[in-house]
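Enquirer: how would this look folded up:
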Amino acid sequence: MSKKEPKTINDPVHGHITLTPLQERLIETPELQRLAWVRQLGLTKLVFPGANNTRIEHSLGVSFIAGEIAEHLEVSESERNLVQAAGLLHDIGHAPFSHTLETLLRFDHMVFTGELITGKKKMPIPNAGQIPDILKEF
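Expert: Got it, this is the predicted structure:
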(Lines give C-alpha, C1' and ligand atoms only; values in the text may rest on other atoms or scores of the structure.)
Protein backbone atom coordinates (compact mmCIF):
# COMPACT_ATOMS: atom_id res chain seq x y z
CA MET A 1 0.00 0.00 0.00
CA SER A 2 1.48 3.33 -1.02
CA LYS A 3 1.70 6.29 1.30
CA LYS A 4 -0.97 8.95 0.73
CA GLU A 5 0.38 12.16 -0.77
CA PRO A 6 -0.38 15.24 1.34
CA LYS A 7 -2.83 17.74 -0.11
CA THR A 8 -1.43 21.04 -1.29
CA ILE A 9 -3.37 24.26 -1.64
CA ASN A 10 -2.18 27.02 -3.95
CA ASP A 11 -2.56 30.20 -1.90
CA PRO A 12 -2.24 33.58 -3.68
CA VAL A 13 -0.34 35.09 -0.73
CA HIS A 14 1.71 32.21 0.71
CA GLY A 15 2.23 30.04 -2.37
CA HIS A 16 1.87 26.29 -2.00
CA ILE A 17 0.59 25.25 1.43
CA THR A 18 1.05 21.56 2.20
CA LEU A 19 -1.58 20.38 4.63
CA THR A 20 -0.94 18.12 7.59
CA PRO A 21 -3.29 15.15 8.11
CA LEU A 22 -5.01 17.11 10.90
CA GLN A 23 -5.54 20.14 8.66
CA GLU A 24 -6.92 17.88 5.92
CA ARG A 25 -9.46 16.33 8.29
CA LEU A 26 -10.52 19.71 9.68
CA ILE A 27 -10.92 21.31 6.24
CA GLU A 28 -13.35 18.55 5.29
CA THR A 29 -15.72 19.43 8.16
CA PRO A 30 -18.91 21.32 7.33
CA GLU A 31 -17.98 24.08 9.78
CA LEU A 32 -14.85 24.93 7.80
CA GLN A 33 -16.43 24.31 4.38
CA ARG A 34 -19.10 26.87 5.32
CA LEU A 35 -16.38 29.53 5.60
CA ALA A 36 -15.87 29.36 1.83
CA TRP A 37 -19.17 31.28 1.58
CA VAL A 38 -18.47 33.84 4.31
CA ARG A 39 -16.66 36.96 3.14
CA GLN A 40 -14.00 38.21 5.50
CA LEU A 41 -14.44 41.87 4.64
CA GLY A 42 -18.22 42.04 4.29
CA LEU A 43 -19.31 44.73 1.86
CA THR A 44 -15.82 46.24 1.49
CA LYS A 45 -15.64 44.63 -1.97
CA LEU A 46 -18.19 47.21 -3.14
CA VAL A 47 -15.58 49.93 -2.62
CA PHE A 48 -12.42 47.86 -3.15
CA PRO A 49 -13.20 45.20 -5.79
CA GLY A 50 -10.03 43.27 -4.93
CA ALA A 51 -11.09 42.86 -1.29
CA ASN A 52 -12.89 39.65 -2.06
CA ASN A 53 -11.36 36.99 0.17
CA THR A 54 -13.30 34.51 2.24
CA ARG A 55 -12.93 33.34 5.83
CA ILE A 56 -11.55 29.97 4.65
CA GLU A 57 -8.81 31.70 2.64
CA HIS A 58 -7.97 33.86 5.65
CA SER A 59 -7.99 30.86 8.01
CA LEU A 60 -5.66 28.88 5.74
CA GLY A 61 -3.24 31.81 5.75
CA VAL A 62 -3.41 32.15 9.54
CA SER A 63 -2.79 28.41 9.89
CA PHE A 64 0.22 28.63 7.55
CA ILE A 65 1.76 31.58 9.40
CA ALA A 66 1.09 29.93 12.77
CA GLY A 67 2.97 26.87 11.54
CA GLU A 68 5.89 29.00 10.37
CA ILE A 69 6.10 30.70 13.77
CA ALA A 70 5.90 27.34 15.57
CA GLU A 71 8.70 25.99 13.37
CA HIS A 72 10.85 29.06 14.09
CA LEU A 73 10.27 28.54 17.83
CA GLU A 74 11.30 24.89 17.40
CA VAL A 75 8.23 23.45 19.11
CA SER A 76 7.46 19.75 18.77
CA GLU A 77 5.60 18.46 15.73
CA SER A 78 2.49 17.69 17.81
CA GLU A 79 2.49 21.23 19.23
CA ARG A 80 2.96 22.66 15.75
CA ASN A 81 -0.02 20.61 14.51
CA LEU A 82 -2.18 22.05 17.29
CA VAL A 83 -1.01 25.61 16.62
CA GLN A 84 -1.84 25.17 12.93
CA ALA A 85 -5.24 23.70 13.84
CA ALA A 86 -5.93 26.69 16.09
CA GLY A 87 -5.13 29.03 13.19
CA LEU A 88 -7.43 27.07 10.91
CA LEU A 89 -10.29 26.99 13.40
CA HIS A 90 -10.07 30.49 14.84
CA ASP A 91 -12.90 31.89 12.68
CA ILE A 92 -15.37 28.98 12.53
CA GLY A 93 -17.86 30.85 14.70
CA HIS A 94 -18.14 33.79 12.30
CA ALA A 95 -21.45 34.57 10.67
CA PRO A 96 -21.75 36.75 7.58
CA PHE A 97 -21.22 40.40 8.57
CA SER A 98 -20.49 39.24 12.11
CA HIS A 99 -18.25 42.14 13.15
CA THR A 100 -20.94 44.54 11.99
CA LEU A 101 -23.92 42.72 13.49
CA GLU A 102 -22.52 41.12 16.67
CA THR A 103 -23.38 43.99 19.00
CA LEU A 104 -26.88 44.33 17.58
CA LEU A 105 -27.52 40.58 17.78
CA ARG A 106 -25.70 40.13 21.11
CA PHE A 107 -23.60 37.41 19.55
CA ASP A 108 -19.89 36.80 20.16
CA HIS A 109 -18.19 34.79 17.42
CA MET A 110 -15.19 34.08 19.67
CA VAL A 111 -17.36 32.47 22.34
CA PHE A 112 -19.23 30.49 19.68
CA THR A 113 -15.93 29.36 18.13
CA GLY A 114 -14.80 28.01 21.50
CA GLU A 115 -18.11 26.22 21.98
CA LEU A 116 -17.83 24.59 18.55
CA ILE A 117 -14.25 23.44 19.17
CA THR A 118 -15.06 21.98 22.59
CA GLY A 119 -18.33 20.43 21.44
CA LYS A 120 -20.53 22.49 23.77
CA LYS A 121 -22.50 23.67 20.74
CA LYS A 122 -23.06 22.34 17.26
CA MET A 123 -23.99 24.17 14.07
CA PRO A 124 -27.39 23.27 12.62
CA ILE A 125 -25.89 21.87 9.42
CA PRO A 126 -25.64 18.22 8.31
CA ASN A 127 -22.67 16.25 9.70
CA ALA A 128 -21.54 19.11 11.96
CA GLY A 129 -19.95 18.46 15.33
CA GLN A 130 -16.98 16.29 14.31
CA ILE A 131 -14.26 18.77 15.27
CA PRO A 132 -13.83 17.76 18.94
CA ASP A 133 -13.45 14.09 17.95
CA ILE A 134 -10.97 14.91 15.18
CA LEU A 135 -8.85 16.96 17.59
CA LYS A 136 -8.85 14.10 20.11
CA GLU A 137 -7.43 11.76 17.44
CA PHE A 138 -4.39 13.97 17.10
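Enquirer: CA only for contacts and neighbour counts going forward, please
Expert: Will do.
Enquirer: Which strands or helices does the helix ranked longest in the chain pack on?
Expert: The single longest helix within the chain, with elements called by DSSP state H, is helix 55-72. Contacts defined by 3 or more Cα pairs under 8 Å, 6 or more residues apart in numbering; DSSP states H and E place helix 55-72 against helix 77-89.
Enquirer: ok and the helix it packs on relative to helix 55-72, angle-wise?
Expert: Helix 77-89 runs at 160 degrees relative to helix 55-72, counting by axes from the mean of the first three to the mean of the last three Cα atoms, to 10 degrees.
Enquirer: name the helices or strands packed onto helix 77-89?
Expert: helix 21-27, helix 55-72.
Enquirer: In terms of pLDDT, where does the most centrally placed residue in the chain sit?
Expert: Most central in the chain under Cα atoms, centre = their mean is L88, positioned 3.0 Å from the mean C-alpha point. Confidence at L88, expressed as pLDDT, is 97.
Enquirer: Now the longest helix of the chain: buried residues?
Expert: Buried residues in helix 55-72, counted by 16 or more other Cα atoms under 10 Å: 55-67, 70.
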